[in-house]
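Novice: just to be clear, the model below is a prediction. Sequence and coordinates:
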Amino acid sequence: MRVLLSGASSFLGLALAKELLDAGHEVFAPLRDKPGRAALPLVGKGFHLFPGDMEERSVLRQNLERELTAAEALPLDVCFHLAWGGVGQRGRMDREIQDRNLAASEDTVALAAEFGAKRFLFAGSQAEYGVTLERVRRGEMPGTAIDEQTPCRPISEYGRAKLAFSARGGEMAARLGVDYRHLRIFSVYGPGDHETSLVASAVRAARTGEAVSFSLCAQQWNFLALADAVRALRLLGEAEVLRTDGNPVFNVGSLDTRELRRFVEEIFETAGKPASLASFLPRETGPEGTPYLAPDIAKLLRSIDWKPEISFRAGVRDLLSENANEEN
């Protein structure tokens, strides 16, 4: 496949680029900033990086056309749209930032269609559902598994904009003859994740044997290993036809849902350290509340030849080994 991939410098985007390249696909990736060191080894191996800001469509279009022509890679087959600004706590509540993301995403559908893409895969989010521990406890939302038919009640502007695009992007793609697939991604962990993420923080503390505190971690959670996540995304992109049952949304998560605290304790146990090093204390809840992640991924399992292969314990072992190798 010839793939347009936005957001290729992100944690998920770079891993997806590697997954696509390993499967023999050609990847064209616009970057607003200079590529990081992790991306450079991929250049020249079917990975085409070129300057491009998703909010500057005319410049992006010119650069993409030049890159595709030089590589004799017209037309495109698939577009994965992962680029999205304002993902931090402040940006997630900023309507202006999220509206710009929405507009840029609509432009990306048009651009992908113009260059021949037949499938458009959008990285949605669990934030579209708006399920929180507080809402579950108040009886406002059920504490059962979240499937693609679960009513969406996003709290943040981030979740609102992603949800809005599920309708607007899908309608626009249909008019342009493009198959639209909306991927609601839950919680992915793995190498290259932000150092302040819960898993990265816990792994770092467990490896050194230092005490560390977390919030109460009383909500349900679901972790999916990065390698499993990008394999699912690749297969969803490769499939020419998917059974959607009239709904282009696919939950992307694992089969392992449990109280978040249990995941933290398992990290310490896997490192051979006492789980008592982790303390769980009440903390002020952010504006989005306490996310409650309990995805039902039955539709995803029915649609592609995929299932999660990396257990949480195995994934943590890999992270512990990686950290040890970096120090040596």
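Specialist: Yep, that arrived.
Novice: CA atoms of stretch 62-73 as CSV?
Specialist: What follows is stretch 62-73 as a C-alpha-only set of coordinates in CSV (Å, rounded to 0.1, in the frame of the first residue of the first chain):
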residue,chain,number,x,y,z
GLN,A,62,2.3,21.0,-2.9
ASN,A,63,4.8,19.1,-0.8
LEU,A,64,2.8,15.9,-0.9
GLU,A,65,2.4,16.1,-4.6
ARG,A,66,6.1,16.6,-5.1
GLU,A,67,7.0,13.7,-2.9
LEU,A,68,4.5,11.3,-4.5
THR,A,69,5.6,12.3,-8.0
ALA,A,70,9.3,11.9,-7.2
ALA,A,71,8.6,8.4,-5.7
GLU,A,72,6.3,7.5,-8.6
ALA,A,73,3.8,6.6,-5.9
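Novice: contacts for it next, please.
Specialist: Residues external to stretch 62-73 that are found in contact with it (CB atoms under 8 Å, 6 or more residues apart in numbering): 2, 4, 26, 28, 30, 48, 50-52, 74, 76, 111, 115. All C-beta spots, glycine's among them, are computed from the backbone N, C-alpha and C.
Novice: in a markdown table, list the residues you listed along with pLDDT, neighbour count and distance to R258.
Specialist: Conversion of those to a markdown table gives the following (pLDDT from 0 to 100; neighbours: other CB atoms under 10 Å; distance: CB to CB, whole Å):
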| residue | pLDDT | neighbour count | distance to R258 |
| --- | --- | --- | --- |
| R2 | 97 | 21 | 40 |
| L4 | 98 | 25 | 37 |
| E26 | 96 | 18 | 40 |
| F28 | 96 | 25 | 40 |
| P30 | 94 | 26 | 39 |
| H48 | 93 | 22 | 41 |
| F50 | 91 | 16 | 43 |
| P51 | 90 | 15 | 44 |
| G52 | 89 | 23 | 41 |
| L74 | 89 | 11 | 48 |
| L76 | 97 | 23 | 40 |
| L111 | 97 | 23 | 41 |
| F115 | 97 | 20 | 44 |
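Novice: what's the closest of those residues to Y158?
Specialist: P30 (21.6 Å; CB to CB).
Novice: measure the closest one to E72 for me?
Specialist: According to CB to CB, to the nearest Å, P30 stands 19 Å off from E72.
Novice: ok, now H182?
Specialist: H182 sits 32 Å away from E72 when distances are taken as CB to CB.
Novice: repeat that for G209.
Specialist: Remark: distance between G209 and E72 (CB to CB) = 55 Å.
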